[in-house]
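Visitor: I need the structure of the sequence given here:
(2 chains)
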Amino acid sequence: MKEILKVLEQDARTTPEQIAIMTGKSLAEVKEVIREAERDRTIIKYKTIVNWDKLGEEQVWALIEVKVSPQRDVGFDAMAERIYRFPEARTVYLVSGTYDLAVFVTGKTMQEVAAFVAEKLASLDSVQGTVTHFLLKRYKEDGEILVDRGERGERLAISP
Amino acid sequence: MITENSTVVSIARPKRARTMVSRRMQKIPSSGIRRFFDLIASIDGVISLGVGEPDYATPWHICESAVYAMERGRTMYTSNYGLLELRQGLSRHLEARYGLEYDPGRELLITAGVSEALDLALRAVLNPGEEVIAPEPSYVSYAPCTIMAGGVFVSVPTYAEDGFQVRAVDIRDRINQRTKAILLNYPNNPTGSVLDRAEMVKVAEVARQHDLLVISDEIYDRLVYEVEHTCFASLPGMRERTILLGGFSKAYAMTGWRVGYAAAPADIIEAMMKIHQYTMLCAPIMAQVAAIEALRAGESDVQEMVADYGQRRRVMVKGLNDIGLACSEPQGAFYAFPSIKTTGLSSVEFAERLLKEERVVVVPGSAFGSSGEGHIRCCYAVSLPEMEEALERMGRFVERHRR
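Guide: Prediction:
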């Protein structure tokens, strides 16, 4: 199970046939494991990491620190839900430290993001305050290094 | 000066009446893979299965430890034996993995890779004319290094039907009063074979009966799949007659750092250290610092890489068999060593024509001794898309040359 999912986590386009060869398992077993993992949402989704900067695509990202007062019985969950239901909020984490929710927000312009924060986030009742950090450069995304480093490890084509 | 468009003019040198190169070196041929360098350089779009190293870069925490050491000015010579901290780490490592106790003060020597350690071992133990018996196909340097050390290289052919495992009886048959040592390399380059523990015990028995040394090159000890590696020195009674050679290149993807080691009884290490002292002085300190970090915190890297090689191995083996190059499943290292019998080409012809016609590099089996003929070495430490493309090209090639 784990071995199959690890292969897919590395490259979601690996076919069940290839995975069967790589892991030494039968094709039927591989297909069954994947089907089951998709069904119970162990596999959430298959996505592509796109480097939009390459297309000169203007897209603004911001990390919003949100400080909220927890509510009786539901703690932070109810507030988190109020926030994660906005499609603008792409990633929402509860974190320890000086603030409570880390919210990654995207928009076409800085104004758009700023407006979302001011009108939708900051105005929520339990929100005590927000700090907005606009993203300036992406170096690494989910384990993948995005910046071109110029050099490439050069292996000899033939070595003993 | 030669510029790109100018004609190459040979610079006139006074001719010497005789060569100044020693007779010994005249007799030693260049490595069988040398001739491919120029050929490869002239062709674009080549996919190489001809490499002998990981396709990973050294894990960053290992590189970073060396960078940090350099920033603090650790750029000097070390003890001839190597940094004590590294020898201590290595001693703990060998004890934890193989239950072997080596005194870091007298029984371990840090070298510039296993290549140097092998040279030191041979020079330290061989008297002129003494013989070294080694299974073949064997790593390219074994025969030349034996000859350069004044010894005689005696090969024992191994066969695909035995999974290229040497038979103890075949070693015994070649022993005479000049025999000094048995040189083993399991997991094996180029065949990827691993020697069964039972057969290893028989080899140990032969060594004991005939009072021979065993030089065991275990550079691929960590790269085994679905089997446990048996360290030769850990067999009963073998620690005292084994020179164990190991290193960091393959397990931790550190080939370019040049750091390896020898573990052996103190008198042999002392003799090896003398040669090392006068020729190398010490292994590079940066590499030694990096090796300390590798031993300290590199285990998860090793396991991750091994799991990955294990998967790619299956893809390679199945792919080769599917295109008609019969190949058993290798249990170690990162090489497949398929038969090319279906084509009727010699291994050098196969490799040269495959490169010219389909732009795929493999290493001809004959580069590893005459019993490697009829086979090619394919390294599966390449990305899966590259491997699949290479297999497709090789499939076309085999189809064309099927006899």
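
Visitor: Look up phi and psi at the nearest residue to B:Tyr159 once chain neighbours are set aside.
Guide: Spatially, and ignoring its direct neighbours in sequence, B:Tyr159 is nearest to B:Ser371 (7.7 Å; C-beta to C-beta, 6 or more residues apart in numbering or on different chains). Using the backbone N, CA and C atoms, a C-beta is placed for each residue, glycine as well. Recorded main-chain torsions at B:Ser371 are phi -80, psi 0, according to degrees, to the nearest 10.

Visitor: Measure how buried B:Ser371 is and give me the count.
Guide: Here the number of neighbours of B:Ser371 (other C-beta atoms under 10 Å in any protein chain shown) works out to 20.

Visitor: contacting residues around it?
Guide: Contacts for B:Ser371 (C-beta atoms under 8 Å, 6 or more residues apart in numbering or on different chains) come out as B:136-137, B:155, B:157-159.

Visitor: What is the nearest of those to chain A?
Guide: B:Pro137 (12.0 Å; C-beta to the nearest C-beta).

Visitor: and the stretch 201-350 of chain B, which of its residues are near chain A?
Guide: Within the stretch 201-350 of chain B, the positions lying close to chain A (C-beta under 8 Å from any C-beta of the partner chain) are B:307, B:311-312, B:314-315, B:318.

Visitor: what's the domain layout of the chain?
Guide: Since no chain was named, I'll use chain A. With domains defined by automatic domain parsing, chain A comprises A:2-39, A:52-137.

Visitor: nope, chain B please
Guide: Using automatic domain parsing, chain B is parsed into the domains B:30-57+B:301-401, B:60-296.

Visitor: Can you tell me the closest non-neighbouring residue to whichever residue of the stretch 101-250 of chain B sits closest to chain A?
Guide: Relative to chain A, the nearest point of the stretch 101-250 of chain B is B:Val140 (4.6 Å; C-beta to the nearest C-beta). Spatial nearest neighbour of B:Val140, excluding adjacent residues (C-beta to C-beta, 6+ apart): A:Pro160 at 4.6 Å.

Visitor: Up against chain B, what does chain A have?
Guide: Residues of chain A lying near chain B (C-beta under 8 Å from any C-beta): A:3, A:6-7, A:11, A:14, A:18, A:21-24, A:153, A:155-160.

Visitor: show me where pLDDT drops low in chain A?
Guide: A:149-153 (pLDDT under 70).

Visitor: And the strands in it?
Guide: A:60-68, A:89-94, A:101-107, A:127-134, A:140-141, A:144-145 (DSSP state E).

Visitor: I'd like these written out as a markdown table, with mean neighbour count added.
Guide: Output for the strands of chain A, formatted as a markdown table (neighbours: other C-beta atoms under 10 Å in any protein chain shown):
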| stretch | mean neighbour count |
| --- | --- |
| strand A:60-68 | 19 |
| strand A:89-94 | 15 |
| strand A:101-107 | 20 |
| strand A:127-134 | 14 |
| strand A:140-141 | 10 |
| strand A:144-145 | 9 |
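
Visitor: Pairing partners for the residue nearest the centre of chain A in the sheet, please.
Guide: Central residue of chain A (C-alpha atoms, centre = their mean): A:Thr91, 6.4 Å from the mean position. In this entry, A:Thr91 is beta-bridged to A:Phe104, by DSSP bridges.

Visitor: The closest residue in space to B:Tyr142 that isn't next to it in sequence: how many residues sit nearby?
Guide: Nearest residue to B:Tyr142 in three dimensions, chain neighbours excluded: B:Ala134, at 5.4 Å (C-beta to C-beta, 6+ apart). By other C-beta under 10 Å, the residues close to B:Ala134 number 24.

Visitor: Any idea what B:Ala134 is bridged to?
Guide: Following DSSP bridges, B:Ala134 is listed with bridge partners B:Ser155.

Visitor: Which residues are in contact with it?
Guide: Neighbouring residues of B:Ala134 by C-beta under 8 Å, 6+ apart: B:142-143, B:146, B:153-156, B:182-185.

Visitor: helices or strands up against the longest helix that chain A contains?
Guide: With secondary structure taken from DSSP state H, chain A has its longest helix at helix A:27-39. On a contact count with 3 or more C-beta pairs under 8 Å, 6 or more residues apart in numbering or on different chains; DSSP states H and E, helix A:27-39 meets helix A:2-10, helix A:16-23.
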